[in-house]
Every structure is written in structure tokens, then in C-alpha cells.
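Colleague: Pasting a predicted model and its sequence here:
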Amino acid sequence: MSAEALLQAARTAGLTLATAESCTGGMVSAALTDIAGSSDVFERGFVTYSNAAKREMLGVKEQTLIVHGAVSEDVASEMADGALARSHASLAVSITGIAGPGGSEHKPEGRVCFGLARLGRVTKTETVEFGALGRAEVRHAACAYALALLLKAAST
């Protein structure tokens with residue numbers, strides 16, 4: 001999956017993009033902005049690594065963080081919705097997960113939750129268990145997965 005294909009699909013569909021990234025730390029935004037001319041499609045990216053950043057920049061509710069934890073589909077949904085609401089984009093992806101090392105019995109290393117918000121549609125979420133691949137590999141896998149989610153959404 002190439003970021004270039006995503007940008008072209010978004011152009012064709014008349015969509016603009018925003019990202020809300022935690023564990024990937026801006027990797028999706030970087031993949032998009034590595035391509036010359038991406039500014040007509042890529043609107044903005046939010047790197048919200050801390051819970052405070054998720055609350056302040058994206059409007060994630062404190063209660064959601066307390067009840068579900070930062071690595072949850074509930075938070076991923078609020079992150080994606082917040083990115084859409086706080087940008088001029090029409091399609092947003094969010095990523096929150098445990099890249100490692102570490103994790104716990106309930107939230108293992110390699111668990112990443114994604115949110116996908118699009119104007120006029122219901123926000124979708126999903127969790128992917130990439131496994132204990134190591135920090136760099138989990139982050140790269142999550143970035144590629146987020147780009148693929150955006151491409152699929154831009155093509156439908």
C-alpha cells in the first residue's frame with residue numbers, strides 16, 4: 001500500500017485527510033507529507049502521545065480514558081471524531097496502541113486500536129493484534145494499516 005495511491009484516491013473522491021496519532025508518533029502524517037503535492041489532500045495531523053494531549057487537542061473525554069484506558073476502541077473513536085471536528089478534513093484516522101516493549105496481560109504489546117471517521121458517516125473502530133514484533137515493527141505495521149484503512153475508505 002502506498003501513500004501515493006491513497007492521496008490519488010482521496011483526490012478522486014474529493015476528500016481531505018487528518019490523522020490523530022499516538023503510538024505512531026506522526027508516522028502516518030510523515031508518510032503522506034513525504035510525497036510532493038500532498039498538501040491538496042492532507043489537511044493536518046495531531047500527535048497526541050499523552051492522555052493530556054488526547055483530551056486537550058482532540059476532546060477525548062477524561063471518563064473514557066479512566067474507564068477504558070488510552071488503548072481502546074472507545075478512545076480511538078473519540079480521537080478520530082476529534083480530529084475530524086478540529087480540522088477541515090472530511091476523513092480522519094486515529095491510532096492508539098502499545099508498541100512496546102512491555103504491555104500487560106489485559107493489553108499486550110502489539111495491540112493497536114484504530115478509528116476511522118468520515119463526515120456524514122458512522123465512525124468505525126477496530127483492534128489489531130500485531131503481536132510482540134518489537135517497537136519499531138509494531139509502529140511500522142500500525143502506520144501501514146492506517147494508510148490501508150484510509151485508502152479503503154477513500155475508495156468507497
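Modeller: In hand now; what should we look at? Numbers count the residues shown, from 1 in each chain.

Colleague: so what's L119 closest to, chain neighbours aside?
Modeller: Nearest residue to L119, sequence neighbours excluded (Cβ to Cβ, 6 or more residues apart in numbering): S90, at 4.6 Å. C-beta coordinates here come from the backbone N, C-alpha and C atoms, glycine included.

Colleague: again but with E4, I slipped
Modeller: Excluding the flanking residues, the one nearest E4 by Cβ to Cβ, 6+ apart is I35, at 5.5 Å.

Colleague: Any regions of the protein where pLDDT drops low?
Modeller: Filtered on pLDDT under 70, the chain yields the residue ranges 1.

Colleague: before we move on, the earlier item: could you count how many residues lie near the residue nearest to L119?
Modeller: Neighbour count of S90, defined by other Cβ atoms under 10 Å: 20.

Colleague: follow-up on the earlier one: thought the residue nearest to E4 was touching A3?
Modeller: Yes - using Cβ atoms under 8 Å, I35 makes contact with A3 at a distance of 5.8 Å.

Colleague: Between those two, tell me which one has more neighbours.
Modeller: Here I35 and A3 are set side by side on neighbour count (other Cβ under 10 Å), and the busier one is A3, at 21 against 16.

Colleague: ok but A117 is inside a strand, no?
Modeller: Yes - assessed by DSSP: H, G, I helix; E, B strand; the rest coil, A117 belongs to a strand.

Colleague: picking that back up, residues contacting the residue nearest to L119?
Modeller: Counting by Cβ atoms under 8 Å, 6 or more residues apart in numbering, S90 touches 14-16, 84, 118-119.

Colleague: report the longest helix in the protein, please.
Modeller: In the chain, taking DSSP state H as the definition, the longest helix is helix 135-154.

Colleague: just checking, what packs against the helix or strand containing Q63?
Modeller: Using DSSP states H and E, Q63 falls within helix 62-68. In terms of contacts (3 or more Cβ pairs under 8 Å, 6 or more residues apart in numbering; DSSP states H and E), helix 62-68 is packed against helix 51-58, helix 73-85.

Colleague: Could you identify which of those helices is most buried?
Modeller: Among the helices and strands packed on helix 62-68, helix 73-85 has the highest mean neighbour count (mean count of other Cβ atoms under 10 Å), at a mean of 24.

Colleague: in the chain, which residue is closest to the centre?
Modeller: In the chain, the residue lying closest to the centroid (Cα atoms, centre = their mean) is S94, at 2.2 Å.
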